[in-house]
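> Prediction below, plus the sequence it came from.
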Amino acid sequence: MLNQSILVVSAMLMTSGLASAGPIEVDPDIEKYAKVGGVTGNLNSIGSDTLNNLMTLWAEGFQKNYPSVRTQIEGKGSSTAPPALIAATAQIGPMSRAMKPSEVDEFEKRFGYAPTKVRVAVDALAVYVNKDNPLDQLTIAQVDAMFSKTRLCGATGDLSTWGQTGIGGDWATRPISLYGRNSASGTYGYFKKNALCRGDYKDTVKEQPGSASVVQGVAEDLQGVGYSGIGYKTSGVKTLSLAKKSGGEYVATTPDMVLSGKYPLARFLYLYVNKKPGAALDPLVREFLNYVLSQEGQKVVLKDGYLPISAKIAATETANLK
Amino acid sequence: MTARAWRPREDRIGKFFTRLCGGALAVNLLLAIGLLGLIGFHGTAYFWPKGVAEVELVSGDVLIGEVHGWEEVPADRAATPGERRMRLKIGNRDLYGLDFRWVSESEVARVGYPADIVLLERLEWGNFYGRPVELHPSGVGAVDLRAGLAALHAEKIEQREQIEDFESGPLADVNYELEDLRLEERRIRLDAEEGAEPDSDRLAAVARLKATASKEYELLAAQLFDRRRELSRGSVRMQAADGQHKSIAVGDIVRILQPNEMGLFASVGLYVSRVWEFVSGDPRESNTEGGIFPAIFGTVMMVFLMSFAVAPLGVLAALYLREYAREGPVVRAVRIAVNNLAGVPSIVFGVFGLGFFVYLIGGTIDQVFYPEALPTPTYGTGGILWASLTLALLTVPVVIVAAEEGLAAVPRIVREGSLALGATKFETICKVVLPAAAPGILTGMILAMARAAGEVAPLMIVGMVKLAPSLPIDGRFPYVHLERKFMHLGFHVYDVGFQSPNVEAAQPLVFATALLLVGVVVAMNLVAIVVRNRLRRAYATSAV
């Protein structure tokens, strides 16, 4: 549920003390990566396309430490990660949402234990409109009324023109043109769960093959609105401030708002691995995860437009992998 | 009687028809030229150096950046009717977050192109626009900052190249050795009977080798760290447009340019150097910068592998259908089935390839030949071999149909002549019919290769990936690694265009990549066409 993820993110913040203003830095308490010997082999990753670039950047950084490691990264959507882990065609399954119970069951059926989930970054899902759109803010109920035909978040009426969101002039009669992700994407699932209150998308949502193409679509379409990770922002779009309920505070997608848990659409990004309880991970996978959870790895997160995790979470996750 | 002069009947319908045909051709040409022109223009303009503008805003802020196009501001947002705005590439992603910014005409107070603006192309974080302030360690550039920076940069480039050679040379060798030993150890353990102790002598030998290799690795790694530390020493402090200072390691800089004072000669030199980097370099920054050599290599190699697989398969099938099989309902049904196969959506072939080649055949190969590497799959995951075979299945109908046509075009007299001279049917086919049909078969191959090079959808599930910098051919035994995943130009276009976070900055790269893909297809077709024409000339007399 929405509240759960907010709680988690805010709990994370309290322990990390990142609320201070100014440019976001990686928590200095996160340990630097220490190279070890003899790490080599093929590292295959199949999963989320939201994490695709991050994985590629991590792979580039990881290869700086281990020049002979071969990395191969596929990102066609979070739903492709569990089957790949089950079939062992990938050692790492990046996902932009947590595995569903049914996916965990499938995994358990095959291996007898649950997959290990590693939190690696924080993402904010932004609602984008064209840069020339005068609108600045929406409530979650309004977002739901735009994107959903079921309107489970409590909106009374459908929103189909921009005038209904309260902007006037030429905009009053302009129809809202919706952009979204395809259903294999974790972003699709997360938005459905948290912004649509598990309702159904309208049939008029133009489903795009990638997060960047949602943003591109909105940038080219004056009347467009879409959702994507904050890392995909370009100069052609702007992000809207969101309020949890009408009358509530509108929160912008600034890093401190996201990390403080006030922004309603914040989530963790995960890497899933197949770790037998009690047994050690393959050195290659172990070192890759150590790198991701290190100071260097978290700097890469910042570079890609996402937000780093706190030192405490990094320590917890590292301990879980032991 | 006077004979009337004969005049041809006026053929109005015929004239109209001629014009219609000509018109259709013109439309086709126009479409092709327009598309190629668009790709060509955007793809080639990307590498040409742009002037860097210093824009003073009415608000007093200053921006530095390249102007990337203009558009009209929508009426309800414009300060004056018909106002325009420019898209300014301000770079400095580490300071500003976004590469681009829109600036309306009404915001601008003054635009200048000062010669002292420096553009740094960096390995990470994209371009930096600004002015150099000082060098670290200080003293290096105290007299002349520019000359000092250039000298330091030249030194750092050399160091960087040495590090790259070191990484791909001795260090990689040791790493491979260690991996081989690790697998060897697992193999020994697997070889041992169930419950029995593994061969301790062999294990000890492996352990000894491993210890030596590990020691060597430690030494080399320490050397690498030293070299890296040396490389990271020396930085330049830059002043950005808004007055912020930023220290940039000279070792992370690809090029140092002063675009506003470059002459034509320097611009051409830079253009060539950038194109070369694009064609021969490895991708950087999750494929949005650097080169695309692995993608070119992957595409060409995959098409060649596919050709080797599809040619015998298609030609033999066509030979049987045309020369041996008795014409009848069965043969006709087979022919229809082959033709229909060409209409099956390509993604279906991809799914078949995944299930049959990757999971079934690949998974079996892994269990039989590579048990020590499991659970990491070797052939049981997508790879260039499986991708090529999947595409071979996809294109085999084209080859069968073209080869059949080619065989049918060989005149009866030629066959009968051959048979009359005492040749067997097999000899006739091998020595007379096939050579004469070769040009037709090659036409089929050309079509198949063009289709294969442009196909993306099925490859996404049988081994094509976003980033696979290790090529399927390299200097390590067994030199050709058919199990490796590969990069593909078509997928690169899709990936950079739809998936990249910095899609604005990467857009020109999409055009350049598309242009290159077209170029690769044209080049491969040209080779095939030349070969076909030679064959045609060689057998033109003997066939008839």
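Everything's here; your move.
> Please identify the residues of the stretch 51-200 of chain B in proximity to chain A?
Applying CB under 8 Å from any CB of the partner chain, we find that the stretch 51-200 of chain B lies next to chain A at B:73-77, B:87, B:94, B:97-102, B:124-125, B:167-168, B:171-172, B:175-176, B:178-179, B:182. All C-beta atoms are positioned from the backbone trio N, CA, C, and that covers glycine.
> what about 6 Å?
Residues of the stretch 51-200 of chain B found near chain A (CB under 6 Å from any CB of the partner chain) are B:74, B:76-77, B:98, B:100-102, B:167, B:171-172, B:175-176, B:178-179.
> Separate out the buried members of the residues you listed.
Applying 16 or more other CB atoms under 10 Å in any protein chain shown to these, the neighbour count classes B:98, B:100, B:167, B:171-172, B:175, B:178-179 as buried.
> Helices - which of the residues you listed land there?
Secondary structure defined by DSSP state H assigns B:172, B:175, B:178-179 of these to helices.
> Just put these in a markdown table and tack on distance to residue B:190.
Converted to a markdown table, those look like this (distance: CB to CB, whole Å):
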| residue | distance to residue B:190 |
| --- | --- |
| B:172 | 27 |
| B:175 | 23 |
| B:178 | 19 |
| B:179 | 16 |
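> Can I get these in CSV including pLDDT?
Output for those, formatted as CSV (pLDDT from 0 to 100):
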residue, pLDDT
B:172, 79
B:175, 79
B:178, 81
B:179, 79
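> Residue B:292: which of the residues you listed is nearest?
Closest approach to residue B:292 among those (CB to CB): residue B:172, at 22.3 Å.
> What residues does residue B:43 make contact with?
B:511-512, B:515 (CB atoms under 6 Å, 6 or more residues apart in numbering or on different chains).
> out of the buried ones among the residues of the stretch 51-200 of chain B next to chain A, who's nearest residue B:39?
Checking these one by one against residue B:39 (CB to CB), the nearest turns out to be residue B:100, at 21.8 Å.
> Below-threshold pLDDT in the stretch 151-300 of chain B: ranges please.
Low-confidence segments of the stretch 151-300 of chain B (pLDDT under 70): B:193-195.
> how close does the residue in it that chain A sits nearest to get to residue B:160?
Closest to chain A within the stretch 151-300 of chain B is residue B:175: 3.4 Å, counting by CB to the nearest CB. Using CB to CB, to the nearest Å, residue B:175 is found at 20 Å from residue B:160.
> Likewise for residue B:102?
Distance from residue B:102 to residue B:160, by CB to CB: 36 Å.
> Quick check: residues of the stretch 151-300 of chain A near chain B?
A:169-170, A:209-210, A:212-213, A:216, A:231-232, A:234-235.
> State the next helix or strand along the chain beyond the helix or strand bottoming out on mean pLDDT in chain A.
Using mean pLDDT, DSSP states H and E, the weakest-scoring helix or strand in chain A turns out to be helix A:2-16, at a mean of 43. Sequence order places strand A:42-47 as the next helix or strand after helix A:2-16, per DSSP states H and E.
> Report whether whichever helix or strand comes after that next one contacts chain B.
Sequence-wise, the next helix or strand downstream of strand A:42-47 (DSSP H and E) is helix A:52-65. Yes: applying CB under 6 Å from any CB, one finds helix A:52-65 in contact with chain B at A:52-53, A:56-57.
> got CSV for these, with pLDDT and neighbour count too?
Compiled in CSV, these are given as follows (pLDDT from 0 to 100; neighbours: other CB atoms under 10 Å in any protein chain shown):
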residue, pLDDT, neighbour count
A:52, 84, 29
A:53, 82, 32
A:56, 86, 28
A:57, 87, 22
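> can you redo the residues you listed as TSV with distance to residue A:65?
Listed next are these as TSV, based on distance: CB to CB, whole Å:
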residue	distance to residue A:65
A:52	21
A:53	19
A:56	16
A:57	14
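> Residue B:394: which of these is nearest?
Ranked by distance to residue B:394 (CB to CB), those are led by residue A:52 at 26.0 Å.
> what's the closest non-adjacent residue to that closest one?
Once flanking residues are discounted, residue A:52 sits nearest to residue A:75: 3.0 Å by CB to CB, 6 or more residues apart in numbering or on different chains.
> where does the one you found fall, phi/psi-wise?
Note on residue A:75: backbone dihedrals following degrees, to the nearest 10 are phi -130, psi 100.
> isn't it right up against residue A:53?
No: contact criterion CB atoms under 6 Å: residue A:75 and residue A:53 do not qualify, at 8.2 Å.
> What ranges does chain B have for its strands?
Assigned by DSSP state E, chain B shows strands spanning B:53-57, B:62-72, B:84-89, B:100-104, B:108-112, B:118-122, B:127-136, B:235-239, B:245-249, B:253-257, B:283-284, B:289-290.
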